[in-house]
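K.L.:
output the structure for:
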Amino acid sequence: MAEGITAVGGLNPVQTGANTIVSPVNVQNTSPFQVMLDAAISGLQDVSAAEEKANAYIAQYSLGRVSMEEALIEVQKMTMAVQMATTVVNQVVSTFKEIEQIPV
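P.N.:
Residues are numbered from 1 along each chain as shown. Okay, here's the model as predicted:
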């Protein structure tokens, strides 16, 4: 026979299948600034990953495992990612300086 409905007090994980457990969702209030900051951090992590990949290709090229063209392409990708990140950071700083000078 089916179980009755229990009170909505504490939320417990729900067993949905043989080995699958669905945990309750944590609802967090995220501000637009937090979303933007998380995106910026993710972007910087992507730039760091591109740098690591370029360094790995350079090391592989020095061992003769990849061609010069492949290594140069990865270095160029990394350079473009760094330039983009620098441009975005400079624009954000400029915008905050403009906002700072607005009279209240």
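K.L.:
C-alpha only now, for contacts and for neighbours.
P.N.:
Fine.
K.L.:
in space, what's closest to Q60 - neighbours in sequence excluded?
P.N.:
Once its chain neighbours are removed from consideration, Q60 has its nearest residue in V66; the separation is 5.8 Å (C-alpha to C-alpha, 6 or more residues apart in numbering).
K.L.:
and the one you found, that's in a helix?
P.N.:
No: assignment of V66 by DSSP: H, G, I helix; E, B strand; the rest coil gives coil, placing it outside any helix.
K.L.:
surely it is in contact with A54?
P.N.:
No: in this structure, V66 sits apart from A54 without contact. The criterion is C-alpha atoms under 8 Å, and the distance is 11.8 Å.
K.L.:
tell me which of those two has more neighbours.
P.N.:
Relative neighbour count places A54 above the other of V66 and A54, with 22 against 14, counting by other C-alpha atoms under 10 Å.
K.L.:
I figured the more buried one hits M80, correct?
P.N.:
No: if you go by C-alpha under 8 Å, A54 and M80 don't touch, sitting 11.8 Å apart.
K.L.:
what distance do you get for L44 to A81?
P.N.:
When C-alpha to C-alpha, to the nearest Å is applied, the distance between L44 and A81 equals 9 Å.
K.L.:
with M36 instead?
P.N.:
Taking C-alpha to C-alpha, one finds M36 at 18 Å from A81.
K.L.:
neighbour count: these two, which is higher?
P.N.:
Legend: neighbour count by other C-alpha under 10 Å for M36 and A81, higher for A81 (19 against 11).
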